[in-house]
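Colleague: Fold the following and give me the result.
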Amino acid sequence: MNNYKLNKSTKILIIGETFNRFSGGGITLSNLFNSFPKKNIAVAANYLVINKSSNEICENLFRLGKENYKSKFPLNIIERKPSSGIIYTNDENDFFPKEKNIFIPLIKLFIKHFLSITSLNHFLRRYKITDAFIAWIKEFSPDIIYTQLGSEYAKMDFVKQIHEKLNIPIVVHIMDDWITTAPQGLLSFYWTKKFNNSFREVLSLSSLNLSISEGMSHEYESRYGHKFIPFHNPVDLKFWGRSMKSDYSINPQHVKIMYSGKIGLGKNHSIFEIAVAIEQINNENNYKIEYQIQSTNLTKKIIRKLERFKCVKINPVVEYSLLPKIYSSVDMLIIPMDFDSKGKKYLKYSMLTKASEFMISGTPIILYADDEMAMTKHAKNNKWAFIISYHSVNAIKEGILEFLNSENLRKEISKNAQQFCINHYDSNKIRQNFQHLLNTVAKNQNG
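Modeller: From the prediction side, this is the model:
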């Protein structure tokens, strides 16, 4: 495989996700496709996603707006959508003017929440294939459809329609176990069956199935009867190697522990449990720990809750290029994963995007997660993190203090993590294998 000569003529149509540096799917996508020629990549995604896309890797973008992304009553009266079509800007302010009536956003939020808890939201959205969209696809002439799908039921049907209409091979890449968690509300029993059936239909049409982790691949092969090949977020060793940590000493009066990543399902509770534990350590011990939060999706509500803790420092959003220096500047990096049934179910087989970036930084990692999680098992088997797997604030306190008091342990964890990342997540090797699989799919389709 290492001597494989890449066929960069393969054209890829990406459905549903975009290239960006703030979402797990977008970062993974960017790192996997980084060496592809721009002219061989096209992206089609709904207006909420594509307006935040980076043009760094792909410039051929089709926005699925009001002609392609349909909403039924009452969503159709509260959702303003721009027109569908090729876009040349990612400035969402061009077509999202601010509401003049301050009550309108509250009314919209209430309606969307109502539709979500009643499961009616899945009934009310669908994607429609238009002549203009088909003409755009045909002009690009893709060899493959790559999709991460996602928690929208309608998106699975959309991908199937495109495949059946144009006979383009499908490559599926699953990031999280949204298939079991997306069906919610009063009719969740009905939508669980619908999601599973639709997903199985996509798999029956797909030419290649990928997952985010080995644990997910094993589970999905057992669950759905199809082989899944794991592809986690790869890292550019040269890019991250500029700022790898080398000093593991700690000043007890100025300890920095950082969480960097999105805050959402599967991480909502553990982030605050860690804050409580660190606050108590500072009050009870001769330590002054600063708990840094670096996230691109902090809401005002979450910020207000975090600001109640003296130990918390909310970092500003920075360019992705600055992350290696930032990660290596703190004493420890921490990965929080929730212990409640819903959070565990969603992330059980996931490998968080930031894990490989944390590993290569050289900064010692703490993983706060249940033993059942695939990520915990992976960290335990490969010794790349100090694991706190018991769900309590006291367990977090004891774990952090143990890690703080052992420089040798921190150094050992750091070296294990770096070496594992170099051996398994080197972007040059990963991209070569990834592109080889895509080229094989395209070659088989073209005979």
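Colleague: May I have the distance across stretch 358-377, first residue to last?
Modeller: 17 Å (Cα to Cα, to the nearest Å).
Colleague: Buried residues in that stretch, which are they?
Modeller: Going by neighbour count (16 or more other Cβ atoms under 10 Å), the buried part of stretch 358-377 is 358-370, 373-377. Glycine gets a C-beta too; all of them are placed from N, C-alpha and C.
Colleague: Out of the residues you listed, list just those in strands.
Modeller: Under the assignment DSSP state E, those contribute 365-368 to strands.
Colleague: Could you dump those residues into TSV with distance to residue 344 and pLDDT added?
Modeller: Below are these laid out as TSV (distance: Cβ to Cβ, whole Å; pLDDT from 0 to 100):
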residue	distance to residue 344	pLDDT
365	20	98
366	18	98
367	14	98
368	13	98
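Colleague: Nearest to residue 435 among the residues you listed?
Modeller: Using Cβ to Cβ, residue 365 comes nearest to residue 435 of these, at 29.4 Å.
Colleague: residues in contact with the closest one?
Modeller: With contact taken as Cβ atoms under 8 Å, 6 or more residues apart in numbering, residue 365 is in contact with 332-335, 358-359, 379, 384-386, 413-414, 417.
Colleague: switch the cut-off to 6 Å
Modeller: Counting by Cβ atoms under 6 Å, 6 or more residues apart in numbering, residue 365 makes contact with 333, 358, 385, 417.
Colleague: name the helices or strands packed onto the helix or strand harbouring the last one?
Modeller: Yep, that's residue 417 we're talking about. Following DSSP states H and E, one finds residue 417 within helix 407-424. Helices and strands touching helix 407-424, by 3 or more Cβ pairs under 6 Å, 6 or more residues apart in numbering; DSSP states H and E, are helix 354-361.
Colleague: Helix 407-424 and the helix it packs on, what's the angle between them?
Modeller: Calculated by axes from the mean of the first three to the mean of the last three Cα atoms, to 10 degrees, helix 354-361 forms an angle of 110 degrees with helix 407-424.
Colleague: residues of the host helix or strand of residue 216 that come out buried?
Modeller: Here residue 216 sits within helix 214-224, counting by DSSP H and E. Residues 214-217, 219-220, 223-224 are the ones in helix 214-224 that count as buried (16+ other Cβ under 10 Å).
Colleague: and residue 73, how many neighbours?
Modeller: Using other Cβ atoms under 10 Å, residue 73 has 8 neighbouring residues.
Colleague: Let me know the pLDDT of it.
Modeller: pLDDT, residue 73: 74.
Colleague: nearest residue to residue 431 other than its sequence neighbours?
Modeller: If the residues on either side of it in the chain are set aside, residue 431 comes closest to residue 35, at 5.7 Å by Cβ to Cβ, 6 or more residues apart in numbering.
Colleague: Report pLDDT for the one you found.
Modeller: Reported pLDDT at residue 35 in the predicted model: 83.
Colleague: Distance-wise, check the residue lying farthest from the centre of the chain relative to residue 401.
Modeller: Relative to the centre of the chain, the most outlying C-alpha is that of residue 286, 37.3 Å out, by Cα atoms, centre = their mean. Using Cβ to Cβ, to the nearest Å, residue 286 is found at 11 Å from residue 401.
Colleague: which of the residues in the longest helix seen in the chain are buried?
Modeller: Determined from DSSP state H, the single longest helix within the chain is helix 427-446. Residues of helix 427-446 classed as buried: 427, 429-432, 434-435, 438-439, 441-442 (neighbour count, 16+ other Cβ under 10 Å).
Colleague: Who are the packing partners of it?
Modeller: So helix 427-446, by 3+ Cβ pairs under 6 Å, 6+ apart, packs with strand 144-147, strand 206-211.
Colleague: Of these, flag the one that's most buried.
Modeller: Of the helices and strands packed on helix 427-446, the one with the most neighbours on average (mean count of other Cβ atoms under 10 Å) is strand 144-147, at a mean of 24.
Colleague: Mind giving me the packing neighbours of it?
Modeller: With contacts taken as 3+ Cβ pairs under 6 Å, 6+ apart, strand 144-147 sits against strand 12-15, strand 170-174, helix 427-446.
Colleague: Extract the CA atoms of the first one and return them as PDB.
Modeller: Extracted in PDB, the C-alpha atoms of strand 12-15 (Å, rounded to 0.1, in the frame of the first residue of the first chain):
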ATOM      1  CA  ILE A  12     -15.800  13.100  -5.300                       C
ATOM      2  CA  LEU A  13     -19.200  14.600  -4.600                       C
ATOM      3  CA  ILE A  14     -19.600  15.100  -0.900                       C
ATOM      4  CA  ILE A  15     -23.200  15.200   0.400                       C
END
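Colleague: Now do it: everything it contacts.
Modeller: With contacts defined as Cβ under 6 Å, 6+ apart, strand 12-15 is touched by 41-44, 142, 144-147, 159.
Colleague: of these, closest to residue 134?
Modeller: Within the contacts of strand 12-15, distances to residue 134 taken as Cβ to Cβ reach their minimum at residue 44, with 11.1 Å.
Colleague: Tell me who's in contact with that closest one.
Modeller: 15, 62.
Colleague: Make sure it is indeed in a strand.
Modeller: Yes: looking at residue 44 with DSSP: H, G, I helix; E, B strand; the rest coil, it is inside a strand.
Colleague: quick one: secondary structure of residue 73?
Modeller: Under three-state DSSP, residue 73 comes out as coil.
Colleague: so who does the residue lying closest to it once chain neighbours are set aside touch?
Modeller: Of all residues not flanking residue 73 in the chain, residue 124 sits nearest, at 7.7 Å (Cβ to Cβ, 6+ apart). With contact taken as Cβ under 6 Å, 6+ apart, residue 124 is in contact with 71-72, 75.
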